[in-house]
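[1] Sequence unavailable; structure follows:
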């Protein structure tokens with residue numbers, strides 16, 4: 001009853017309940033994701049007239065409960081993912097870039113991670129108002145801000161800097177969560193934020209949602225990109 005008919009077979013559907021009065025339904029294809037939130041203003045969703053017809057016909061028998069977890073299978077063949085540690089020289093370079101950016105932005109070791117991301121977002125908004133910025137300046141700023149963002153995820157959320165190669169695409173430097181559920185690619189995220197004024201600057205929101213466990217659940221080794 002919660003399934004919109006506009007989605008075809010190329011969209012994967014998933015749903016889960018956050019509470020008795022809130023259900024999240026997710027649709028994903030190769031390029032986009034859409035999230036629907038069904039929220040009851042009072043009581044539970046089962047009090048809604050749409051669901052009352054179903055509730056009266058539903059019965060629960062504890063003896064029929066399935067005790068084993070279902071097997072998760074991929075619906076389509078996934079591209080091969082090569083996950084390798086970042087070489088030491090590249091890690092040292094990344095740390096140097098982060099220190100340089102932090103100094104320029106007034107970030108210190110005592111600056112909270114949320115405050116650092118607020119500074120990053122202000123810098124992005126500031127750059128969007130600059131006219132005639134050179135390509136070199138854009139690349140340098142994107143590199144610096146991307147390093148700061150990734151370092152926040154690394155220090156606060158225990159994410160790891162890795163080099164990932166997906167299928168035939170070139171390898172990229174990413175920050176990955178320990179279970180490899182989620183992947184952040186600052187090198188692709190920040191340039192898009194700098195160049196497109198229509199794209200929401202949601203670095204802090206993304207960080208907070210992960211920190212509070214509010215993102216949709218994913219399986220280990222799914223390598224789902226969040227940017």
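    On my side now, so go ahead. From a predicted model like this one, the values you see are computed outputs, not experimental measurements.
[2] Which elements pack onto the longest helix anywhere in the chain?
    Once the chain is assigned using DSSP state H, the helix that runs over the most residues is helix 135-157. Using 3 or more Cβ pairs under 8 Å, 6 or more residues apart in numbering; DSSP states H and E, the elements in contact with helix 135-157 are helix 88-105, helix 113-128, strand 160-166, strand 172-176, strand 182-184, helix 186-195, helix 203-211. Bear in mind the C-beta positions are built from the backbone N, C-alpha and C, glycine included.
[3] and if we set it to 7 Å?
    helix 88-105, helix 113-128, strand 160-166, strand 172-176, helix 186-195, helix 203-211 (3 or more Cβ pairs under 7 Å, 6 or more residues apart in numbering; DSSP states H and E).
[4] buried set for that helix?
    138, 141-154, 156-157 (16 or more other Cβ atoms under 10 Å).
[5] Identify the residues contacting stretch 182-190?
    Contact partners of stretch 182-190, identified using Cβ atoms under 7 Å, 6 or more residues apart in numbering, comprise 142, 145-146, 149-150, 153, 164, 172-176, 218, 223-227.
[6] hmm, 6 Å instead?
    If you take Cβ atoms under 6 Å, 6 or more residues apart in numbering as the criterion, stretch 182-190 is touched by 142, 145-146, 149-150, 153, 172, 174-176, 223-227.
[7] so the closest residue to residue 217 other than its chain neighbours bridges to which residues?
    With Cβ to Cβ, 6 or more residues apart in numbering as the criterion, residue 217 has its nearest non-adjacent residue at 6.6 Å, and that residue is residue 16. For residue 16, the beta-bridge partners under DSSP bridges are residue 24.
[8] Now for residue 16, how many residues are close by?
    For residue 16, the neighbour count with other Cβ atoms under 10 Å is 11.
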